[in-house]
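Asker: Turn this into a model:
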Amino acid sequence: MDLLYQTYFGLSQAPFNITPDPSFLYLSASHREGLAQLSYGIRARKGFVVLTGEVGTGKTTLIHALLNDLNGSAHTALIFGAIVSPADLLRTVCEEFGLIEPKRPLQEIHDYLVSLNGFLLESYRKGENCALIIDESQNLSAEVLESIRLLSNFETSKDKLLQILLVGQPELAVRLNSPELRQLKQRVMLRHHLRTLSLHECCEYVSHRLKVAGGELSIFTANALESIYSYSGGIPRIVNVLCDNALLTGYALGSKEIDTGILREVAEDLSITTNVEARCAPIRQVVNTNGNVSAQASRAGSVEARSGIAHLEPKPTAVKQVPKNLPSTAVPASFLNALAAALTDAMGPMAKIVLREQIKSLGESYESFPRAKVEMLLELVSREILNEGIRGCFWHQMLEQARTFQVS
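Answerer: Presented below is the predicted three-dimensional model:
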C-alpha cells in the first residue's frame, strides 16, 4: 500500500518514515544550534556535552547527523541507555570501539579500564579524537552515571581523551540537578535542549521532507498544514505519523489533495488531540499556497467503497475555542512588563528576547499585543521553561493576571 500511495502522489520514497534518517533532517533553529554545539564539543575536546529534548523531537536523528558531520574524523562509540551496571558499561564501550570481541564473557572492570586507557592514549598520540555517545541516558542508574563521570578522568594536562555526549529526555536534566550527581553536572561544558517546531518551521519541515522524496508542499492545503501543527504541537515524530497516514487515506479516497477533513479523520483514528496555541495561529500568513481550500463530503463512505475496509463515521472533534467575548483592544503595558519579569525569574536573562520572538511569531507587536492572543502567547513562552514545577507556577500566575483585564 505504501508503494501505491508513493506512486499516486508522485513520490520517489516514503517521506514521513519515523526512522532516524539524516537525509531527511530538517534543521530548525534549535536543531541547527544543537548540531553545532555537539560537533564543537567533540572537535574542541570539551569533555561532557548534554543534549535533551521531548520524545519525538529528533534527538536520535541529530545524533546520526552528527556522525555524518564528523565524517570519520573521530572514533565514535554509540550506545543506548540499556546499561545495567558499571561493568556492563565498560564492556559495551570497549566493544563499540573494537577493543574486544562482542559477547565475550564479562571481565574484571580493571581489564576494561586498561584496554580503554591504552586505546585513548594511542589515539591521542596520533592526533585522533574519541567520542562516546549515549542515547536514552535518562534511563541510566545513578551508579552507571557516576561510572560515566569517572570515564572523563581519562585526560592529559591539556585535553580530554574521551568526549562524552549524554542524550536524553527532559528527565535527564532533572536527574543531573540531583545532589548525588552534582559532580557530573559540574563537568558538563555544553548543554542544549531541542525545542519543538514553531508554526513556520512545521510547514517548512513538511515541505522539506516532501521535496527530498520528490514531492511538493501543494499536496497539503494551508488548512491541512494548520491542522498538522495543531495536532502535533510541533513534535516532528507526530508530524510524520499524521502526514504518512493522511497520504494513505488520501490515496484510498482517490484525492490528490490532503485537506483538514482528512487530517481530522486521521487524528481521531490515532487518538491525537489538538493544541490551543497551534489551532489559533495565522497559518495563511506563512504558507505560500494558491488559497484553494476544498472540503469533501461523505469521506467515510468513500474510504469504505475504495478500500473495502470498514470505517466508522468520525465524531466531530471537541475543540476548545478562545473565548469570543474577549476585548479586541491591546493588553495593558503593565501586563507585558509583568510577563517579562516573571519569565526572567523562570528562565533567566534570555527571557525578554524569547518573549519578543514569540510575539513576533504570532504576527503581533510588543506595543499593541491583542488581548485575544494572550493565552496563545502564554502557551508559547511556557514551553521555554524546562522545569515542570516552575512552568506550572508561571502559567497559573500569569493566567490569573490576564483574567483581571480580560473580563473588564
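
Asker: can you list the weak-confidence ranges in this structure?
Answerer: Within the chain, the stretches with pLDDT under 70 are 1-3, 81, 274-328, 348-350, 405-408.

Asker: So which residue is dead centre in it?
Answerer: Nearest to the mean C-alpha position of the chain, by Cα atoms, centre = their mean, lies T57 at 1.8 Å.

Asker: who's in contact with K46?
Answerer: By Cβ atoms under 8 Å, 6 or more residues apart in numbering, the contact set of K46 is Y40, K160, Q163, M189, L190. All C-beta atoms are positioned from the backbone trio N, CA, C, and that covers glycine.

Asker: and if you look at L270?
Answerer: Going by Cβ under 8 Å, 6+ apart, L270 touches V241, L242, N245.

Asker: I'd like those residues laid out as CSV, including secondary structure and neighbour count.
Answerer: Formatted as CSV, the contacts of L270 follow (DSSP: H, G, I helix; E, B strand; the rest coil; neighbours: other Cβ atoms under 10 Å):
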residue, secondary structure, neighbour count
V241, helix, 20
L242, helix, 26
N245, helix, 19
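
Asker: Could you dump those into TSV and include distance to Y229?
Answerer: Shown next, in TSV, are those (distance: Cβ to Cβ, whole Å):
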residue	distance to Y229
V241	14
L242	10
N245	16
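
Asker: Closest to D88 out of those residues?
Answerer: Closest approach to D88 among the contacts of L270 (Cβ to Cβ): V241, at 33.3 Å.

Asker: so how far is I235 from the closest one?
Answerer: Taking Cβ to Cβ, to the nearest Å as the measure, V241 falls 10 Å from I235.

Asker: Okay, now stretch 228-242: how far is its last residue from its first?
Answerer: In stretch 228-242, first residue to last residue: 7 Å (Cα to Cα, to the nearest Å).

Asker: Touching it from outside, list them.
Answerer: For stretch 228-242, contacts defined as Cβ under 8 Å, 6+ apart pick out 16-18, 26, 54-58, 61, 196-199, 201-203, 205-206, 209, 220, 243, 263, 266-267, 270, 272-275, 278-279, 281, 283.

Asker: sorry, back to before: need the contact list for the residue nearest to the centre of the chain.
Answerer: Neighbour list for T57: L194, R195, T196, I235, P236, R237 [criterion: Cβ under 8 Å, 6+ apart].

Asker: Got phi/psi on the second one?
Answerer: Dihedral angles of R195 (phi, psi; degrees, to the nearest 10) stand at phi -90, psi 160.

Asker: repeat for the first one
Answerer: The phi/psi pair for L194 (degrees, to the nearest 10) reads phi -70, psi 120.

Asker: ditto for the last one
Answerer: The phi/psi pair for R237 (degrees, to the nearest 10) reads phi -60, psi -40.

Asker: And for the fourth one?
Answerer: In this entry, I235 is assigned phi and psi values of phi -90, psi 120 (degrees, to the nearest 10).

Asker: quick one: it from K46, how far?
Answerer: As judged by Cβ to Cβ, I235 and K46 stand 29 Å apart.

Asker: Most neighbours out of the contacts of K46, which is it?
Answerer: Among the contacts of K46, the one with the most neighbours (other Cβ atoms under 10 Å) is Q163, at 25 neighbours.

Asker: Run through the strands of the protein in chain order.
Answerer: Taking DSSP state E as the test, the strands found in the chain are 48-53, 74-80, 129-135, 163-168, 188-194.

Asker: could I get these as JSON lines with distance to E216?
Answerer: Output for the strands of the chain, formatted as JSON lines (distance: least, Cβ to Cβ, whole Å):
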{"stretch": "strand 48-53", "distance to E216": "29"}
{"stretch": "strand 74-80", "distance to E216": "35"}
{"stretch": "strand 129-135", "distance to E216": "34"}
{"stretch": "strand 163-168", "distance to E216": "34"}
{"stretch": "strand 188-194", "distance to E216": "28"}
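
Asker: Alright, I will stop here.
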